[in-house]
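structure for this input, please:
(chains A, B, C and D)
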There are 2 protein chains.
Amino acid sequence: MNDLSSEDSPLAARLRGISGGLTKSEAVIAQWLILNEATLGLETGASIAAKTGVSEITVSRFLKRAGYKGLQGLKEDLQAALVHAHVSPSDRYFRLLDGEIGAILKRDADAVLALAHEVEKPAWPQAIDAIASADEVFVTGFQTIRGIAEDFARRLAIVRGSVRFLSPHDGGLVEWIPSFRRAEEKRCLVMVDMAPYAREALPIVQTARGLGMQVVVVTDELNTWASPETPFVFHVVTKVDAFLESTGPMTTLMNVIIHEVAGRAPEKARKRIKDWPPIMRGLGLY
Amino acid sequence: MNDLSSEDSPLAARLRGISGGLTKSEAVIAQWLILNEATLGLETGASIAAKTGVSEITVSRFLKRAGYKGLQGLKEDLQAALVHAHVSPSDRYFRLLDGEIGAILKRDADAVLALAHEVEKPAWPQAIDAIASADEVFVTGFQTIRGIAEDFARRLAIVRGSVRFLSPHDGGLVEWIPSFRRAEEKRCLVMVDMAPYAREALPIVQTARGLGMQVVVVTDELNTWASPETPFVFHVVTKVDAFLESTGPMTTLMNVIIHEVAGRAPEKARKRIKDWPPIMRGLGLY
DNA sequence: TGACGAATGATAGCGTTCTGTCATAATCTA
DNA sequence: TAGATTATGACAGAACGCTATCATTCGTCA
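A predicted model of the protein is given here:
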């Protein structure tokens, strides 16, 4: 094992660090795993056994001894190392991230990092411009993610004015009745969506488009109805193998939108952030 | 699907190139695969089916139609693409996470992973028990994070009954007027808090404690008033060097609470999750 | 609105994977 | 060299993954 690169992967470091030394079979398995790290994703216990000349149960025992929950656990670790290498410089969290809740947190963190793909899209800065430059911004969202939309509307209003939450069922879209005085204004709708609310959401988006608004949709990974309606559709991974979908990464993306809109006029945003607390002080809330 | 990045991965290009268009289910699967490309190594046909809401055989048919020899064939293709890529997936992630927004996402992801510390606390399972075993759960939160609390109340109500959102300023705590019929019931208050709302939050927590309720507070990293009032205080990092604090990790922790409460009675939670859509179908929302 | 075709799902069966239990082989020590 | 201990393997069973077949649902068209 001494002939391996000094620049160890986490896998190599971990296998090398097994206390008590390795038996002959274990050494063979460890070396094979390290040399074939790039393609471990495709292997099974049986295929590793076949390639190393030991039995399947020996492979299984070795992985357990190495601290993995079987080959699946090793694969999950490799995946996590790939994604999280740039998040935390130390292993201090990963020790705690064993178990079911840890797995959910890791997938949530994966989903947050994966937002980088959405922000990288050419449509992203155009969507930010649509929101930042609109004379009025409407925000809507339904049922169990209505809160995300409401918080977004409140928080977006901190960094720019003329933001309204829209409750189509309650208000029947009276906010969109045409006004002569404001006929030339640019308006933008931001919709926070989660399948399967297409029946409600799609007509609203189509109505907004019909009225000349730009529409930005932030939605989950299953939404396919939004793309034909507007170029500004951004997906968030919500399935994290929990009882319910995760809404944390979607909240994070809404916060990033606010940050980017504030970044379009940073001095104005800073002034608004500063001006707000004194106005609120009369409420006696803190 | 037209909103995807112009810099398509081979997988995205291949799925996009399927002639004859996609059916509704196929479009969902294709989009999900593209959005989750980084973690496909860990998926099975069954797990993809579960996450996309289609059946396993539909996933299998789609992969065949896309020219893969099943999921295994897709994984082999991904692996081969990995070997031939000039930039490794890890480096690609690094490049995406470069820059200001990438830094924010990394800090957000780090804050999500750091939630493992809160979940590890001895108080955590006791807090989950307090919520799960209460006869009635009240949920409250204010201003720009009121939406997180409202969504939490709605979603917690999916997995257990007798959950109420509390709006103290609107309702003046009428929900807490004593009732002889329910005098012996165990009640629990869950408060989502963010500095600087101590002036409003603290009296509510003290009132709840005085009325014999258990209180769980989920709050940001600056809160110091909560710990003397209740043993169940969980902190979330919200400072991510953005214009405004991030509420994504807090949303994630609320989701973890829901998951854990559901886990205290999983069959009941699954039944409630299953029973809800038919009731909702009358609304015509999807 | 009804019929027809396409899409999709349920179920069962087959193949593969993983591991518990017991047996065998290898290694070490006296 | 023999006995004891440890490492490893064989086998069977449980669990999981995938798909063929048939049924059901959905969408389109007349």
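
in chain A, what residue comes closest to DNA strand C?
Nearest to DNA strand C in chain A, going by C-beta to the nearest atom of the strand, is A:Gly45, at a distance of 2.5 Å. C-beta coordinates here come from the backbone N, C-alpha and C atoms, glycine included.

wait, that residue sits on A:Val59?
Yes: at 4.9 Å, A:Gly45 counts as touching A:Val59 under the criterion of C-beta atoms under 8 Å.

of these two, who's got more company?
With neighbours defined as other C-beta atoms under 10 Å in any protein chain shown, A:Gly45 and A:Val59 compare such that A:Val59 has more, 27 against 17.

ok, now which ones touch that one?
Taking C-beta atoms under 8 Å, 6 or more residues apart in numbering or on different chains, we find A:Val59 in contact with A:Ile29, A:Gly45, A:Ile48, A:Ala49, A:Thr52, A:Leu71.

and if we set it to 10 Å?
Applying C-beta atoms under 10 Å, 6 or more residues apart in numbering or on different chains to A:Val59 gives the contacts A:25-26, A:29, A:32-33, A:43-52, A:70-71.

give me the pLDDT for it.
Per-residue confidence (pLDDT) for A:Val59: 90.

please identify the helix or strand for the nearest residue to A:Leu22 once chain neighbours are set aside.
Among residues not flanking A:Leu22 along the chain, A:Ala30 sits closest, at 6.1 Å (C-beta to C-beta, 6 or more residues apart in numbering or on different chains). Assigned by DSSP states H and E, A:Ala30 belongs to helix A:24-35.

buried set for that helix?
For helix A:24-35, burial by neighbour count (16 or more other C-beta atoms under 10 Å in any protein chain shown) applies to A:Ser25, A:Glu26, A:Val28, A:Ile29, A:Ala30, A:Gln31, A:Trp32, A:Leu33, A:Ile34.

which ones are touching the fourth one?
The neighbours of A:Ile29, taking C-beta under 10 Å, 6+ apart as the test, are A:15, A:22-23, A:48-49, A:51-54, A:58-59, A:61-63, A:66.

what sits against the closest residue to A:Asn255 other than its chain neighbours?
Residue nearest to A:Asn255 in three dimensions, not counting chain neighbours: B:Ser246, with 5.1 Å by C-beta to C-beta, 6+ apart. B:Ser246 sits next to A:112, A:248, A:251-252, A:254-256, A:258-259, B:104-105, B:107-108, B:111-112, B:220, B:236-240 when contact means C-beta under 10 Å, 6+ apart.

picking that back up, what does the pLDDT read for the residue of chain A closest to DNA strand C?
87.

over to the one 3 residues further on?
According to the model's per-residue confidence, A:Ile48 sits at a pLDDT of 88.

what is the burial count for it?
Around A:Ile48 there are 22 residues (other C-beta under 10 Å).

SS state for it?
helix (DSSP: H, G, I helix; E, B strand; the rest coil).

DNA strand C contacts on the stretch 51-200 of chain A?
The stretch 51-200 of chain A comes close to DNA strand C at residues A:Glu56, A:Ile57, A:Ser60, A:Gly70, A:Leu71, A:Gln72, as judged by C-beta under 7 Å from any atom of the strand.

counting neighbours, which of these end up buried?
Buried among these by 16+ other C-beta under 10 Å: A:Ser60, A:Leu71.

so is the helix holding A:Ala30 next to DNA strand D?
Yes: under the criterion of C-beta under 7 Å from any atom of the strand, DNA strand D is reached by helix A:24-35 at A:Lys24, A:Ser25, A:Glu26.
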